[in-house]
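J.: Following is a predicted model, sequence given first.
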Amino acid sequence: MFYHNIMPFLFIITHLVSSQSAPLAPALYVFGDSLLDNGNNNMLPTLAKANYHPYSIKFSAHVPLGRFKDGRTIADFIAEFLGLPYPPPYVHLFGSNWIIQSDTTLSSNLFRASLITGYNYASAACGILPETGSLYVRNTPRDYIILGKCISMDEQIEMFEGTIKSQLAPIYNDHGQLYQYLSKSIFLIITGNNDYIQNYLNPLILPSKQYDPDQFAQLLVDTFSLQIKRLYELGARKIILSDIGPLGCTPFFTRSLRRMLNNSEICECDENVNLIVSKFNDRLATMLQNLTASLIDSHFILQRSYHRSYDLIKHPAKYAYAISASRHLGELPVGVATDIKVGPYHSNGTTKAPMNGCVGVTSVKFNACEDMGPPHKSKAEFPVSIPGEKRN
């Protein structure tokens with residue numbers, strides 16, 4: 001079964017949750033990128049971390065646990081709707097410095113980690129293709145950052161397979177019980193953004209330049225199809241996905257367009273980038289229809305994020321925004337990170353010897369920017385392309 005929108009699904013869930021206390025699904029398993037990462041990257045040797053302020057300033061106790069936004073992610077909302085605890089970051093199993101050390105109790109209360117209610121495998125900067133996520137170009141090809149390690153989609157699926165073998169199989173030693181558990185669980189996947197931001201549209205990633213936009217979109221869809229089939233083979237039956245938003249309207253590309261036109265007054269979406277991204281989105285819907293026909297008892301829900309986000313940008317008043325959102329898709333208050341200093345990073349936020357060889361951000365300066373929210377509420381620009389809690 002294939003649905004083109006998640007809203008009817010969430011409406012049904014909300015109605016059911018209000019009438020019963022038992023969870024509507026046994027578990028929620030999360031895969032993807034920074035739109036869903038809730039702490040996995042904090043344990044990796046990478047600069048793509050979100051364990052410092054002002055991240056999560058709308059989240060419980062305002063503690064930056066690793067979400068790349070101001071508050072809850074889509075996965076958090078779905079977990080709440082299902083009546084499940086927030087799926088803990090899977091890499092958290094291998095260490096404790098994924099959060100600020102003084103807030104261990106808070107973290108435990110937030111996640112209430114249970115290996116039978118799901119995990120979050122999402123990793124910021126990564127994508128569908130294994131080579132995505134190593135470099136981030138800030139302004140020009142000469143101004144770039146080597147990000148470090150992230151967990152690709154293939155690796156995330158391998159982690160899930162490991163979860164089945166090492167943790168779930170001993171509990172559900174009967175194959176039929178394990179099948180029932182997995183078939184009733186919800187699988188959430190949001191990925192593909194970085195395959196454009198950190199790969200195809202990154203001038204330093206040369207291998208992808210052998211493809212024209214249609215060919216690259218087809219490469220992504222073909223690879224993604226195999227990954228979804230692998231999840232299906234492992235037991236996934238109910239899968240929620242999202243297409244890619246209008247990346248041409250994010251700060252990186254609006255600023256690039258402004259520089260290219262040499263006009264500081266211009267703040268418009270790069271529609272060429274949006275056209276390139278839409279080629280993947282169009283193929284994604286067709287791919288899911290084909291998978292529905294070939295994979296017995298599969299259920300897919302595709303959230304059309306592109307059209308909703310683009311409409312918000314072009315018609316902000318419809319969504320109670322004070323001014324046009326064409327400057328960016330984010331809503332993180334405080335300001336724009338404009339001067340990031342990189343060095344050895346300690347999990348308590350100080351510049352000390354790195355833990356597990358990790359490096360990270362030691363200080364960030366912020367500049368205030370124009371109001372992006374309802375009147376009288378200060379908003380500011382999110383660094384790249386990540387929507388805040390209000391938009392989720």
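T.: Arrived safely, thanks for sending.

J.: if I look at Tyr55, how far off is Val273?
T.: Distance of Tyr55 to Val273, given as CB to CB, to the nearest Å: 26 Å. For every residue, glycine as well, the C-beta is placed using N, CA and C.

J.: ok, the closest residue to Ala22 other than its chain neighbours - contacts?
T.: Nearest residue to Ala22, sequence neighbours excluded (CB to CB, 6 or more residues apart in numbering): Gly83, at 6.9 Å. By CB atoms under 8 Å, 6 or more residues apart in numbering, the residues touching Gly83 are Val17, Ser21, Ala22, Pro23, Leu24.

J.: any idea how far Gly83 lies from Leu24?
T.: 6 Å.

J.: hang on, the earlier thing: pull the most distant pair out of the contacts of Gly83.
T.: By the measure CB to CB, Ser21 and Leu24 form the most distant pair in the contacts of Gly83, at 10.5 Å.

J.: between these two, who's got more neighbours?
T.: Between Ser21 and Leu24, counted using other CB atoms under 10 Å, Leu24 has the larger neighbour count: 15 against 6.

J.: per-residue pLDDT, Phe9?
T.: With respect to pLDDT, Phe9 scores 51.

J.: can you check Asp70 too?
T.: 83.

J.: got it, and Gln198?
T.: 87.

J.: Which parts of this protein are strands?
T.: Remark: strands assigned in the chain by DSSP state E are 2-3, 28-32, 135-137, 144-146, 186-190, 238-242, 299-303, 336-344, 359-367.

J.: Can you mark which positions in the second one are buried?
T.: This means strand 28-32. Buried residues in strand 28-32, defined by neighbour count with 16 or more other CB atoms under 10 Å: Leu28, Tyr29, Val30, Phe31, Gly32.

J.: Quote the end-to-end distance of stretch 189-205.
T.: This stretch, stretch 189-205, spans 25 Å end to end (CA to CA, to the nearest Å).

J.: Now do the buried residues in it.
T.: For stretch 189-205, burial by neighbour count (16+ other CB under 10 Å) applies to 189-202, 205.

J.: can you check stretch 279-291 too?
T.: Going by neighbour count (16+ other CB under 10 Å), the buried part of stretch 279-291 is Lys279, Phe280, Asn281, Arg283, Leu284, Ala285, Met287, Leu288, Leu291.

J.: so which of the residues you listed comes closest to Leu47?
T.: For the buried residues of stretch 279-291, the nearest to Leu47 is Phe280 (26.2 Å; CB to CB).

J.: need the contact list for the closest residue to the closest one other than its chain neighbours.
T.: Nearest residue to Phe280, sequence neighbours excluded (CB to CB, 6+ apart): Ala217, at 4.2 Å. Under the criterion of CB under 8 Å, 6+ apart, the neighbours of Ala217 are Ile276, Lys279, Phe280, Asp282, Arg283.

J.: next one: Asn199
T.: With CB under 8 Å, 6+ apart, Asn199 has these contacts: Gly127, Leu129, Glu131, Thr132, Gly133, Ile205, Ser208.

J.: Max pairwise distance over these: which two?
T.: Using CB to CB, the contacts of Asn199 span at most 12.7 Å, a distance reached by Gly133 and Ser208.

J.: more crowded one of the two?
T.: Legend: neighbour count by other CB under 10 Å for Gly133 and Ser208, higher for Gly133 (28 against 19).

J.: Next, work out how far apart the residue nearest to the more buried one when sequence neighbours are not counted and Phe216 are.
T.: With sequence-adjacent residues excluded and distances taken as CB to CB, 6+ apart, Gly133 is closest to Ala125, at 3.9 Å. Separation of Ala125 from Phe216 (CB to CB): 18 Å.

J.: Show me which of the two is the more surrounded one.
T.: More crowded of Ala125 and Phe216, by other CB under 10 Å: Ala125, with 30 against 22.

J.: hang on, that one packs against Thr46?
T.: Yes: Ala125 lies in contact with Thr46 (CB atoms under 8 Å); the separation is 6.9 Å.

J.: Quick one: mean pLDDT over stretch 23-39.
T.: On average, stretch 23-39 scores 95.

J.: contacting residues for Ile151?
T.: Per CB under 8 Å, 6+ apart, neighbours of Ile151: Asn40, Leu44, Val91, Tyr121, Ala122, Ser123, Cys126, Met159.
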